[in-house]
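J.: Everything below, folded, please.
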Amino acid sequence: MSEPTLIQVRAERPYEVVVGHGVLDRLPGLVTGAQRVAIIHPPTLIAAAAHLTTLLEPAGLEVVRIDVPDAEAAKTADVAARCWSVLATAGFTRTDMVVGLGGGATTDLAGFVAATWLRGVGLITVPTSVLAMVDAAVGGKTGINLAEGKNLVGCFWEPRGVLVDLDLLTGLGRAELTGGLAEVVKCGFIADPVILDLIEADPDAARDPASPVLRELIERSIRVKADVVSRDLRESTSVGRVTGRELLNYGHTLGHAIERREHYRWRHGDAISVGMLFAAELSRQAGRLDDQTAARHGAILRRLGLPTAYRADALDDLLAGMAVDKKTRGSRLRFVVLDRLAGASILAGPPPELLRSAYAAVVADPPVRP
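T.: This is a model prediction of the structure:
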């Protein structure tokens, strides 16, 4: 078995992402100084939570397991309040810690709970999906959803460490694994084109949990995010056309609006896939991006089996959803667009006719549902 890969995130409070097989054994060393550890996890990961408990209890730690709903249903104020109540009942202090075990929604929730309990306690994330490994569990963004939009309530809170155990991908459903690859593709277009070359060379290997290709894709994507976050944790350098950390939101403005419109029945990666194709077409029609790179988006996404179209009659609803996107400034919509491969900028306040024309490239009738 190969050695774990260590990726440094040099944010305000630096931490390390450990990628490899069997790296969960490192968990006890990351919670030094705590007396109690809360493991927040969905019901589908009871066995994995029990395994973490067997690692922590011999070290004299009191483990509290908090079962939360699966997927986006976990990211609500009610669920967060229930987690706080459990921590209060168990007597958690500022030296105790929270472990987020699960997909991106679970790690987002766990991070928000850790950040807000007693104004901040230690957090370890243990992502169990490709999406969480390359995106949600790394970067220090935490949050919950409102009926009005996704991630509208949250804060920045870096973890003490991230354990990306590739063994946890075994048994992950094909659709769930493929959906996570949308964020990998994003990293290829915004920063590391080698990612795109690897996928184009062998898309089947990219979807194989045991493949060294998938491991390389995950590691490269984590490095992209670590580099961006290290330079701009709080999106403070996103000014004018400069993207800063907003670079990571390529495809997300429309994607989040689709998720909200579908009441989060669409997987995040599926919505981001459509959002990326829209962003590429917006980039092309705005005169920023060449035709070949724009077309490459659809070719790669389709080879992976990701959706590339949405409802023809949905644009007005989606525009209303985008109006409350976190990147919006005042009444002006802002989109991350590509000027070239691995070169992005901000397009602010595009005219309505440009938005409608770009959206026409991602519609299907009857609508496509992943």
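
J.: for this structure, what spans make up the strands?
T.: Assigned by DSSP state E, the strands in the chain fall at 5-9, 15-20, 36-41, 62-67, 97-102, 122-127, 141-146, 149-156, 161-165, 310-311, 334-340, 343-348, 363-364.

J.: Could you say which of the ones you listed is packed most deeply?
T.: Among the strands of the chain, strand 97-102 has the highest mean neighbour count (mean count of other C-beta atoms under 10 Å), at a mean of 29. (Each C-beta comes from the backbone N, C-alpha and C, glycine too.)

J.: ok, residues contacting that strand?
T.: 27, 31, 34, 36-42, 45, 48-49, 52, 106-107, 109-111, 113-114, 117, 121-129, 132, 137, 160 (C-beta atoms under 8 Å, 6 or more residues apart in numbering).

J.: how about the helices in this structure?
T.: 27-30, 46-56, 77-90, 104-116, 130-131, 174-190, 194-201, 203-206, 212-231, 252-261, 268-285, 291-303, 315-322, 352-359 (DSSP state H).

J.: and the last one with strand 334-340, angle?
T.: Computed by axes from the mean of the first three to the mean of the last three C-alpha atoms, to 10 degrees, the angle separating helix 352-359 from strand 334-340 equals 60 degrees.

J.: what separates helix 352-359 from the chain centre, distance-wise?
T.: With C-alpha atoms, centre = their mean, to the nearest Å as the basis, helix 352-359 stands 27 Å off its chain's centre.

J.: Check which helices and strands that helix is in contact with.
T.: Packing contacts for helix 352-359, counted by 3 or more C-beta pairs under 8 Å, 6 or more residues apart in numbering; DSSP states H and E, involve helix 268-285, helix 315-322.

J.: how about 10 Å then?
T.: Helix 352-359 sits against helix 252-261, helix 268-285, helix 315-322, with contacts defined as 3 or more C-beta pairs under 10 Å, 6 or more residues apart in numbering; DSSP states H and E.

J.: between the strands of the chain, which gets nearest to residue 253?
T.: Checking the strands of the chain against residue 253 by C-beta to C-beta gives strand 334-340 as the closest, at 5.4 Å.

J.: How many neighbouring residues does residue 209 have?
T.: Counted by other C-beta atoms under 10 Å, the residues lying close to residue 209 total 16.

J.: and stretch 263-280, average pLDDT?
T.: Averaging pLDDT along stretch 263-280 gives 95.

J.: go on, stretch 354-370?
T.: 78.

J.: just stretch 70-84 next, same as before
T.: 95.

J.: residues of it that come out buried?
T.: Neighbour counts using 16 or more other C-beta atoms under 10 Å place 71-72, 74-76, 79-80, 83 of stretch 70-84 among the buried residues.

J.: Contacts only, for the nearest residue to residue 135 once chain neighbours are set aside.
T.: Of all residues not flanking residue 135 in the chain, residue 183 sits nearest, at 4.5 Å (C-beta to C-beta, 6 or more residues apart in numbering). The contact partners of residue 183, by C-beta atoms under 10 Å, 6 or more residues apart in numbering, come to 104, 130-136, 221, 224-225, 248, 250-252, 268-269, 272-273, 276.

J.: Are any of the residues you listed buried, and if so which?
T.: Applying 16+ other C-beta under 10 Å to the contacts of residue 183 flags 104, 130-136, 221, 224-225, 248, 250-252, 268-269, 272-273, 276 as buried.

J.: Residue 180 touches residue 137, doesn't it?
T.: No - Residue 180 is not in contact with residue 137 according to C-beta atoms under 10 Å; the separation is 11.5 Å.
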